[in-house]
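A.B. asks: Following is a predicted model, sequence given first.
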Amino acid sequence: MKTIINWILDNPRQTLILMFVATLGVATQLVRIVQDTSPEPFLPRGHSSYDDKKLVDHLYGINDPILISLIDKKNPDIFNHEALSLLKKMSNFVESLEGVNPSSVRSLATREDIRGTSDGFEVTDFLKELPTTEEGFRKLRERVMAFPLYVGLIVSQDGTAGGIIADTQADADMIKLFHEVHNFIKDEVDTHRFQVNLTGPPIVTGTLNVYLNRDAMVLNPIAAAVTCILLFLIFRSLHGVLLPFAVVMPSVVWALGSMGLMGFPFTPFSNAIPVVILATGLADAIHVIGHYHQAQFQNPHFERKDVLFDVMMHLWKPIMFTSVTTAAGFATLGLSSPMIPVKEFGITVTIGVLVAMFFSLFALPTIMMLLPLKTFRFSIERVEFNSKNPDQAVFLEKLMAKLSHFVITRPYLVTSLMVLILCFGVAGVMNLRADYNPIVFFPTDSAVFKDNKEISARFVGTNFIELHLDSGKEEGVFETEFLKKVERLQYDIKGWKQVGGTLSLVDYLKKMNQAINEDRIDYYRLAENPEANAQYFFLYSVSGDPSQFEEIVDNAHRHLHLRIFLKEGTYSVNRPFISWLIPRLKQDKGFGKYVIGGESYVNYHWMRLIERSVFVSIFLMSGSIFLMGWILQRSFFRAIFVTLPVNMGLLITYAVMGFLNIPIGLATSIFASIAIGIGDDYAIHYIDYYSRAFKERGDYIQAMDQTLRKTGGLLIGNAGTVICGFLVLIFSKTTPPSQIGIFVAVGVGTSLLMTLFVLSVLSRYLKS
């Protein structure tokens with residue numbers, strides 16, 4: 001390292017040119033990044049629930065649907081000319097959307113009535129021709145409301161709202177879909193008269209992506225601006241602002257360029273990558289600049305190269321140590337997380353952190369070599385002014401002096417407070433729980449939240465589980481015994497309050513049986529023999545639209561698709577039902593093979609994985625940091641000191657979550673990894689400086705006092721920039737970024753306090 005540092009300081013221009021060319025080459029890969037706005041990346045690969053979902057989607061050409069409801073504010077129900085005309089127009093528009101399966105669009109404008117005739121039954125479009133009289137609309141209403149299959153599905157149970165359900169395609173661009181639907185409503189719907197509500201997993205996901213991208217465009221620049229202000233307050237000079245960004249910006253380019261090179265899509269998690277690299281990259285730059293100022297003041301007659309060489313020889317180990325441990329932590333996150341975006345996030349941040357280390361060690365000192373000497377003069381004079389007159393010392397210097405005095409005079413009080421804090425942490429963690437519902441990511445007064453609540457209240461549900469049931473043989477779906485087992489299963493499923501309704505071939509066959517028996521209500525049941533069921537199906541296929549059965553049965557008539565509508569998507573609410581459904585299907589031998597799909601089912605297993613994996617990931621990250629500390633510091637005791645403050649900070653943060661009843665979910669499952677990756681830096685820099693001070697002084701009190709006075713201010717300045725940068729995220733329109741911002745800030749701030757207090761007390765046992 002001595003040889004390398006000497007070379008770069010002797011050849012600063014050549015070093016910067018090499019780094020610039022390499023960064024430019026990586027930047028060419030940015031054009032390969034593709035944004036993925038679908039829910040697909042969040043589903044855990046390698047788990048049977050994901051494979052089952054993809055199988056069911058493929059077999060029936062389905063995917064999670066969008067739901068639209070239309071309400072006429074000026075009429076008591078939807079059955080009038082203006083409302084149904086608009087519903088028909090909206091249905092045609094949805095069918096034409098890129099990313100929507102046209103044959104899957106269900107509404108009064110696309111679905112058919114089954115009516116008994118003297119020859120059997122006939123199939124006619126509900127809205128082939130709109131009625132022209134009030135009596136005609138009244139009869140239409142009676143026909144629709146007498147069709148149990150469609151009540152609550154495409155028309156509300158009270159008839160006040162008409163619904164549209166349309167399955168999206170797996171590769172649909174959710175943001176584009178979101179904008180096209182909203183533009184149609186804005187341009188074609190009289191919102192003074194009609195109320196249109198949108199929901200469904202694709203709409204929720206698309207809205208979330210739109211909000212997150214808007215937040216990134218607004219909040220990331222604000223975070224950078226706040227960071228610049230804080231850097232200026234720390235160094236009181238322009239170079240103190242620009243130099244750290246000379247490390248951070250190339251590191252972000254390398255991180256995002258590596259995403260393009262590895263084929264990683266840009267997901268909502270990717271928005272956090274620049275912020276995390278900003279936080280980790282600034283830390284090393286602040287220490288290099290701060291220690292250079294101190295060294296330049298203490299050795300005013302030394303050549304700049306000699307000062308920089310001495311600073312870098314002291315700092316290269318802690319910089320490398322903090323960066324490698326942070327990178328190891330994020331790499332562990334990438335390897336251990338069940339979610340693909342989190343894996344890619346961990347890998348990408350690992351690359352960015354290592355590049356930031358490289359630029360801090362080699363690019364930053366070469367830039368400082370090339371800058372005019374007068375650039376640093378103001379900062380040096382300011383340090384000299386404060387050092388000559390302790391009464392006029394800056395706030396952080398006074399604060400560190402008071403902290404040093406407090407720790408020296410009251411070590412037992414500090415220790416007692418730490419024990420109480422640990423007890424508080426353990427008690428809070430006992431209250432932690434895992435939960436997930438994407439709709440709660442939005443404020444309760446947002447349109448997407450209100451729309452979801454409105455549609456869920458009026459219709460059968462906004463979340464779905466898909467069942468693929470095997471009758472065991474071709475044409476087996478018409479067997480009476482098999483159909484009655486499906487009917488009993490639907491009846492049992494509807495007994496759960498979480499379930500709004502179900503849909504399968506059974507519902508169609510019961511309606512057909514009623515129609516062929518003079519529409520008598522007592523014949524709304526399955527026929528007694530399989531031949532009748534097969535004949536009904538054939539008659540419907542001949543006289544109606546057979547394409548609507550593509551989502552109900554397969555071509556061989558062996559497999560049947562049953563869709564379950566859930567009233568909401570909350571994991572804790574649906575968990576008891578799904579936990580019951582799995583053994584219920586296993587116990588019923590009449591289905592042969594079965595497969596469970598749907599996003600709600602995958603989310604159930606995903607959250608179970610998160611419940612188990614969150615603390616495993618934390619343990620692995622802390623363990624990897626401890627192991628790297630042991631290897632690099634060659635001391636088991638030092639490794640404990642490195643991990644102790646950040647783990648205590650994490651414990652307190654989780655305790656706060658437990659006491660506030662904030663569940664572990666999408667956002668809170670990764671904040672710990674970010675907090676660990678950033679928070680361990682403070683202990684490393686403290687221990688490194690203390691070790692050198694102890695060798696010089698040979699006395700714990702003097703070494704600790706010098707460490708706090710010389711390094712404590714830089715640690716606070718570093719943590720302050722990180723905390724304020726993340727706190728900007730609280731202004732996000734959705735809860736995931738705001739939760740990450742709050743809890744990372746709490747975790748990092750607590751880690752800093754634990755470093756300053758706990759290590760200041762315990763460092764008496766660290767003799768070298």
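C.D. replies: Nice, thanks for sending it over. Nothing here was measured: the structure is a model prediction, and the numbers come from that model.
A.B. asks: Can you show me the strands along the stretch 51-200 of the chain?
C.D. replies: 65-72, 112-117, 120-125, 161-167, 194-199 (DSSP state E, counting those that start in this stretch).
A.B. asks: can I get those strands in JSON lines with distance to residue 399?
C.D. replies: The way it works is simple: take the backbone N, C-alpha and C, and place the C-beta from them, glycine included. Below are these laid out as JSON lines (distance: least, CB to CB, whole Å):
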{"stretch": "strand 65-72", "distance to residue 399": "55"}
{"stretch": "strand 112-117", "distance to residue 399": "76"}
{"stretch": "strand 120-125", "distance to residue 399": "77"}
{"stretch": "strand 161-167", "distance to residue 399": "61"}
{"stretch": "strand 194-199", "distance to residue 399": "51"}
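A.B. asks: Adding mean neighbour count, write these out as JSON lines.
C.D. replies: Shown next, in JSON lines, are the strands of the stretch 51-200 of the chain (neighbours: other CB atoms under 10 Å):
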{"stretch": "strand 65-72", "mean neighbour count": "24"}
{"stretch": "strand 112-117", "mean neighbour count": "18"}
{"stretch": "strand 120-125", "mean neighbour count": "16"}
{"stretch": "strand 161-167", "mean neighbour count": "25"}
{"stretch": "strand 194-199", "mean neighbour count": "21"}
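A.B. asks: how about TSV for those strands, with mean pLDDT and distance to residue 467 added?
C.D. replies: Formatted as TSV, the strands of the stretch 51-200 of the chain follow (pLDDT from 0 to 100; distance: least, CB to CB, whole Å):
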stretch	mean pLDDT	distance to residue 467
strand 65-72	92	16
strand 112-117	84	24
strand 120-125	83	26
strand 161-167	91	16
strand 194-199	92	22
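A.B. asks: Low-confidence ranges, the stretch 151-300 of the chain, go.
C.D. replies: Residues of the stretch 151-300 of the chain meeting the criterion pLDDT under 70: 268.
A.B. asks: Check which helices and strands the host helix or strand of residue 448 sits against.
C.D. replies: Here residue 448, judged by DSSP states H and E, is contained in helix 447-458. Secondary-structure packing of helix 447-458 (3 or more CB pairs under 8 Å, 6 or more residues apart in numbering; DSSP states H and E): strand 65-72, strand 161-167, strand 194-199, helix 201-235.
A.B. asks: Quick one: name whatever helix or strand follows that helix.
C.D. replies: Immediately after helix 447-458, counting by DSSP H and E, sits strand 463-470.
A.B. asks: Adjacent strands (with direction) for that following strand?
C.D. replies: In the sheet, strand 463-470 lines up against strand 559-566 (antiparallel), strand 594-597 (antiparallel) (DSSP bridges).
A.B. asks: between the helix holding residue 448 and strand 463-470, how many degrees?
C.D. replies: Orientation of helix 447-458 against strand 463-470 (axes from the mean of the first three to the mean of the last three CA atoms, to 10 degrees) gives an angle of 50 degrees.
A.B. asks: any idea of the mean pLDDT in helix 447-458?
C.D. replies: For helix 447-458, mean pLDDT rounds to 91.
A.B. asks: Give me the buried stretch members for it, please.
C.D. replies: 448, 449, 451, 452, 453, 454, 455, 456, 458 (16 or more other CB atoms under 10 Å).
A.B. asks: correct me, but residue 157 touches residue 501?
C.D. replies: No - here residue 157 does not reach residue 501: they are 9.9 Å apart, not a contact under CB atoms under 8 Å.
A.B. asks: Between these two, tell me which one has more neighbours.
C.D. replies: Taking neighbours as other CB atoms under 10 Å, residue 157 and residue 501 compare with residue 501 leading, 22 against 16.
A.B. asks: What's the first helix or strand after the lowest-mean-pLDDT helix or strand in the chain?
C.D. replies: When the helices and strands of the chain are scored by mean pLDDT, DSSP states H and E, helix 374-388 comes last with a mean of 45. Downstream of helix 374-388, the first helix or strand assigned by DSSP H and E is helix 395-409.
A.B. asks: In CSV, could you pull the C-alpha coordinates for the very next helix or strand once past that next one?
C.D. replies: Next along the chain after helix 395-409, taking DSSP H and E as the criterion, comes helix 411-429. Extracted in CSV, the C-alpha atoms of helix 411-429 (Å, rounded to 0.1, in the frame of the first residue of the first chain):
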residue,chain,number,x,y,z
PRO,A,411,-18.7,5.3,33.9
TYR,A,412,-21.1,3.2,36.0
LEU,A,413,-24.0,5.5,35.2
VAL,A,414,-23.3,5.1,31.5
THR,A,415,-23.1,1.3,32.0
SER,A,416,-26.4,1.3,33.9
LEU,A,417,-28.1,3.3,31.2
MET,A,418,-26.8,0.9,28.5
VAL,A,419,-28.2,-2.1,30.5
LEU,A,420,-31.6,-0.4,30.8
ILE,A,421,-31.6,0.4,27.1
LEU,A,422,-30.8,-3.3,26.3
CYS,A,423,-33.8,-4.4,28.5
PHE,A,424,-36.0,-1.9,26.7
GLY,A,425,-34.8,-3.3,23.4
VAL,A,426,-35.5,-6.9,24.3
ALA,A,427,-39.0,-6.0,25.6
GLY,A,428,-39.8,-4.2,22.4
VAL,A,429,-38.5,-6.9,20.1
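A.B. asks: tilt between helix 411-429 and helix 395-409?
C.D. replies: For helix 411-429 against helix 395-409, the angle by the same axes, to 10 degrees is 100 degrees.
A.B. asks: Report the buried residues of helix 411-429.
C.D. replies: 414, 418, 421, 425, 428, 429.
A.B. asks: Show me what it is packed up against.
C.D. replies: helix 636-659, helix 760-762.
A.B. asks: so which of those is the most packed in?
C.D. replies: helix 636-659 (a mean of 22; mean count of other CB atoms under 10 Å).
A.B. asks: now it and helix 411-429, what's the angle there?
C.D. replies: 50 degrees.
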